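Novice: A structural model of the following input is requested.
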Amino acid sequence: MIGCSSGNTEDDLYGSGFIEVNEQTWVENYTSPYPFTMLEGEIACASNPAFGREVFFHPKGYTDESYVGIPLNKAAVDGLKLSRLTSNVPYSVKEGADLSEAVQIGLKVCDEQEDELANY
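Specialist: The predicted structure follows:
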């Protein structure tokens, strides 16, 4: 239900470590306003042994490994600081945005990854 078209199910939109989101479907599925300045992109999660699960937003067109997404939770901010990296995408979080639902989506991505690994 989250993603670029209403015909997709939520499971169809989960990739390996990310889920597609966009402003149009966000308002249909979540209570908080869409928090990003880019109309669509991906929320991704990575597990960091030192900080826990890191959640990032990657705007559409800025998802390959040469881009560092926008950190959405403390673990992601701490991981970037330790790595001496900063986000290098030209879009950001809207001023005053509530990121709680975006972070929960990202953590669900980590849960999906962990479930996949447990099944191997």
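
Novice: can you give me the strands in the protein?
Specialist: Remark: strands assigned in the chain by DSSP state E are 18-22, 40-48, 52-59, 70-71.

Novice: gap between residue 112 and residue 45?
Specialist: 9 Å (CB to CB, to the nearest Å). (Each C-beta comes from the backbone N, C-alpha and C, glycine too.)

Novice: hmm, back to that, wait, which of the strands of the chain is closest to residue 91?
Specialist: Proximity to residue 91, assessed across the strands of the chain by CB to CB, is greatest for strand 52-59 (4.5 Å).

Novice: I'd like to check the angle between that closest one and strand 18-22, please.
Specialist: 40 degrees (axes from the mean of the first three to the mean of the last three CA atoms, to 10 degrees).

Novice: tell me what strand 52-59 is packed against?
Specialist: strand 40-48, strand 70-71, helix 74-83, helix 100-118 (3 or more CB pairs under 8 Å, 6 or more residues apart in numbering; DSSP states H and E).

Novice: any chance of the ones you listed in a markdown table with mean neighbour count and distance to residue 19 as columns?
Specialist: Rendered in a markdown table, the data for those read as follows (neighbours: other CB atoms under 10 Å; distance: least, CB to CB, whole Å):
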| stretch | mean neighbour count | distance to residue 19 |
| --- | --- | --- |
| strand 40-48 | 21 | 5 |
| strand 70-71 | 24 | 15 |
| helix 74-83 | 16 | 16 |
| helix 100-118 | 17 | 6 |
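
Novice: quick check: beta-bridge partners of the most centrally placed residue in the chain?
Specialist: The chain has residue 43 as the residue nearest its centroid, 1.6 Å off, counting by CA atoms, centre = their mean. Counting by DSSP bridges, residue 43 is bridged to residue 19, residue 57.

Novice: from residue 93, how far out is it?
Specialist: In terms of CB to CB, residue 43 sits 12 Å off from residue 93.

Novice: which residues are common contacts for the two?
Specialist: Common neighbours of residue 43 and residue 93, using CB atoms under 8 Å, 6 or more residues apart in numbering, are 57, 72.
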